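Generate coordinates for the sequence data below:
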Amino acid sequence: MTQLEAARKGLITEEMKAVAAAEQIDAERLRERIAAGTAIICHNIKHTNAPPLAVGLGLKTKINANIGTSKDDVSIDKELEKAKVAVAAGADAIMDLSTGGPIDEIRAAIISQTDACIGSVPLYQAAVDTVTRKNKAMVEMTADEIFDGIVKHLDDGVDFITVHCGVTRGTVERMRNEGRVMDVVSRGGSFTVEWMAHNEAENPLFEQFDRLLEIVRPYDATLSLGDGFRPGCVADATDRAQIHELILLGELTQRAWDAGVQVMIEGPGHVPLNQIEANIQLQKRLCHGAPFYVLGPLVTDIAPGYDHITCAIGGTVAAAAGADFLCYVTPSEHLRLPTVEDVHEGVMATRIAAHAADLVKQVPGAWEQDLAMAKCRKQLDWEGQFKLALDPDKARRLRAESGVDEEHGACTMCGEFCAYKVMNERTEKDAAQLG
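Numbers count the residues shown, from 1 in each chain. Below you'll find the model as predicted:
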């Protein structure tokens, strides 16, 4: 029985109890949301060394970090270090998007040596294996090979898989009829478009969706319905292809629920600030409240090297409007594979966005964190501030590097003229006079 099926029978599973305690919410309320499909528990039954991760309505906004090799850099040690750094920095999930080197071994290492929720895109490896192991063109993959790749990832314990089921011949036609600046920028989406064109056939993941559900259900893994037509620039946002795909994903969501399979929906992409809230509302309406997992959104196209910031700006607006899961972007986006340092910066920027949104959504515990920090700042309690900081090590390092004179207790911005210090001293004088 899957988590969705149990919830619909009125059963509160051990996973639901654990998640409810971590999220500081009532277990029965969580069960109701899982039954309705507005919340999910990402946890493949074969992934035994990680706790379940809940995503959805009324829950803390979650953060994913993408890592993975390419043909240009196949180091398993680098990717494993990135995974560990991402988790240490506060990422809730890791997606392994490897397309080079020992892909199976990389995925196994990340699963076994971290306690994060794990996602993947099985189509990537199916395509790579077709080329490198079978000496065929990528477009010569068979449907069976695509589905076999999915089974392999689920057998390894992957908790959620991105599948581009909404990339159809009809959606491609709509994109071409309207026109786009950047066409298809999703890697899985582009693979699928090329496969359909070469084979003059429909996307197997759409055409054989029931087969996909039969494969996924025994693992109780989550389907992350991918946005193959996500906009790759702000000029393409909210166009016909993107929305047509979203309509299809809403229909597939209901079919998955009927089969007892949990679903989340992936979203854009590059979106101008004034369209983000509308995109969230469209997804929630068309996909019946299913959790929304967004990449960014990036709010401008002209900031390479700083796209972790453009991502955090869009992510804050998206999550405040109802997005449930934010995929980070690093300073290396559009430029190179991220370094370990880039991964840390990307996670921290997205954690700020997620927490800022949780304040708006009144997620349990979020407001209390900020209030505690304010009280520590007022009292110039530096150890308290470090403990509450999203990045304690950086906060502590910057203060230490400033050469601060601890005699006045303030920072080097204002020193003895610190407003907190002045007002605290005034309060002490007033108290002494009254005493």
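
Check the offset of the biggest helix by length in the chain from the chain's centre.
The helix of greatest length in the chain, counted in residues with DSSP state H as the criterion, is given as helix 340-361. Centroid separation between helix 340-361 and its chain, computed with CA atoms, centre = their mean, to the nearest Å, is 11 Å.

buried sites along that helix?
Counting neighbours by 16 or more other CB atoms under 10 Å, one finds that the buried residues in helix 340-361 are 342-358, 361. No exception for glycine: its C-beta is placed from N, CA and C like everyone else's.

Distance check, residue 250 against residue 192.
19 Å (CB to CB, to the nearest Å).

ok, the two, which is more surrounded?
Set side by side, residue 250 and residue 192 show more neighbours around residue 192, with 28 against 20, by other CB atoms under 10 Å.

which SS state does the more buried one fall under?
Each residue gets one of three states, and residue 192 gets helix by DSSP: H, G, I helix; E, B strand; the rest coil.

Now do it, the pLDDT please.
Residue 192 carries a pLDDT value of 98.

by contact count, what packs against the next helix or strand along the chain from the longest helix of the chain?
Following helix 340-361 in sequence order, the next helix or strand is helix 366-378 (DSSP states H and E). Contacts defined by 3 or more CB pairs under 8 Å, 6 or more residues apart in numbering; DSSP states H and E place helix 366-378 against helix 340-361, helix 382-388, helix 419-434.

how about a markdown table for those helices, with distance to residue 82 added?
A markdown table is the format used below for these (distance: least, CB to CB, whole Å):
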| stretch | distance to residue 82 |
| --- | --- |
| helix 340-361 | 5 |
| helix 382-388 | 25 |
| helix 419-434 | 39 |
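
Those helices: which one's closest to residue 96?
Of all the helices and strands packed on helix 366-378, the one in closest proximity to residue 96, counting by CB to CB, is helix 340-361 (12.9 Å).

Can you get me a residue count around the residue nearest to residue 101 when sequence neighbours are not counted?
The spatial neighbour of residue 101 that comes closest, neighbours along the chain excluded (CB to CB, 6 or more residues apart in numbering), is residue 74 at 2.8 Å. One way to gauge burial is a neighbour count; for residue 74, by other CB under 10 Å, it gives 16.

my guess is residue 74 meets residue 103, correct?
No. The pair residue 74 and residue 103 fails to qualify as a contact (CB atoms under 8 Å) at a distance of 9.1 Å.

How about residue 355, nearest residue that isn't a chain neighbour?
Setting aside the residues directly before and after it, residue 355 is nearest to residue 366 in space (CB to CB, 6+ apart), at 6.3 Å.

returning to what we had before: for the residue nearest to residue 101, give its distance to residue 88.
Following CB to CB, the distance that separates residue 74 from residue 88 is 24 Å.

same deal with residue 5?
Per CB to CB, residue 5 is found 35 Å from residue 88.

And the helices in the stretch 1-150 of the chain?
Ranges of helices within the stretch 1-150 of the chain are 3-8, 14-23, 27-36, 76-89, 103-113, 122-132, 143-155, based on DSSP state H, counting those that start in this stretch.

Any chance of these in a markdown table with mean neighbour count, mean pLDDT and distance to residue 236 as columns?
Formatted as a markdown table, the entries for these read as follows, by neighbours: other CB atoms under 10 Å; pLDDT from 0 to 100; distance: least, CB to CB, whole Å:
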| stretch | mean neighbour count | mean pLDDT | distance to residue 236 |
| --- | --- | --- | --- |
| helix 3-8 | 22 | 98 | 34 |
| helix 14-23 | 17 | 97 | 36 |
| helix 27-36 | 19 | 98 | 32 |
| helix 76-89 | 19 | 97 | 29 |
| helix 103-113 | 19 | 97 | 31 |
| helix 122-132 | 20 | 97 | 22 |
| helix 143-155 | 18 | 98 | 27 |
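
Residue 401 is nearest to which of the ones you listed?
Checking the helices of the stretch 1-150 of the chain against residue 401 by CB to CB gives helix 76-89 as the closest, at 20.3 Å.

can you give me how far that closest one is from the chain middle?
Going by CA atoms, centre = their mean, where helix 76-89 is centred and where its chain is centred differ by 16 Å.

One more: stretch 211-229?
Distance of stretch 211-229 from its chain centroid, counting by CA atoms, centre = their mean, is 17 Å.

buried residues in that stretch?
Across stretch 211-229, burial judged by 16+ other CB under 10 Å covers 212-213, 215-217, 219-229.

picking up where we left off before, with distance to residue 35 and mean pLDDT added, can I get the helices and strands packed on helix 366-378 in a markdown table?
As requested, the helices and strands packed on helix 366-378 are arranged in a markdown table below (distance: least, CB to CB, whole Å; pLDDT from 0 to 100):
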| stretch | distance to residue 35 | mean pLDDT |
| --- | --- | --- |
| helix 340-361 | 21 | 98 |
| helix 382-388 | 36 | 96 |
| helix 419-434 | 49 | 80 |
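
right, and the ones you listed - which one's nearest residue 12?
For the helices and strands packed on helix 366-378, the distance to residue 12 is smallest for helix 340-361, at 23.6 Å, taking CB to CB.

Next, the angle helix 76-89 makes with that closest one.
Between the axes of helix 340-361 and helix 76-89, defined by axes from the mean of the first three to the mean of the last three CA atoms, to 10 degrees, the angle is 30 degrees.

Okay, buried residues for stretch 256-269 please.
Counting neighbours by 16+ other CB under 10 Å, one finds that the buried residues in stretch 256-269 are 256-257, 259-269.

nearest to residue 329, of those?
Taking CB to CB as the measure, residue 329 lies nearest residue 269 of the buried residues of stretch 256-269, at 11.0 Å.

Look up how far residue 140 lies from the residue lying closest to that closest one once chain neighbours are set aside.
Closest residue to residue 269 in three dimensions, ignoring its sequence neighbours and counting by CB to CB, 6+ apart: residue 230, at 3.4 Å. For residue 230, the distance to residue 140 equals 26 Å [CB to CB].

more crowded one of the two?
Neighbour totals were compared for residue 230 and residue 140, and residue 230 leads with 26 against 14 (other CB under 10 Å).

element containing that one, please.
With the criterion set as DSSP H and E, no secondary-structure element contains residue 230; it sits in neither a helix nor a strand.

Who are the packing partners of the helix or strand bottoming out on mean pLDDT in the chain?
The helix or strand with the lowest mean pLDDT-type score in the chain, counting by mean pLDDT, DSSP states H and E, is helix 419-434 (a mean of 80). Packed against helix 419-434, as judged by 3+ CB pairs under 8 Å, 6+ apart, are the following elements: helix 366-378.
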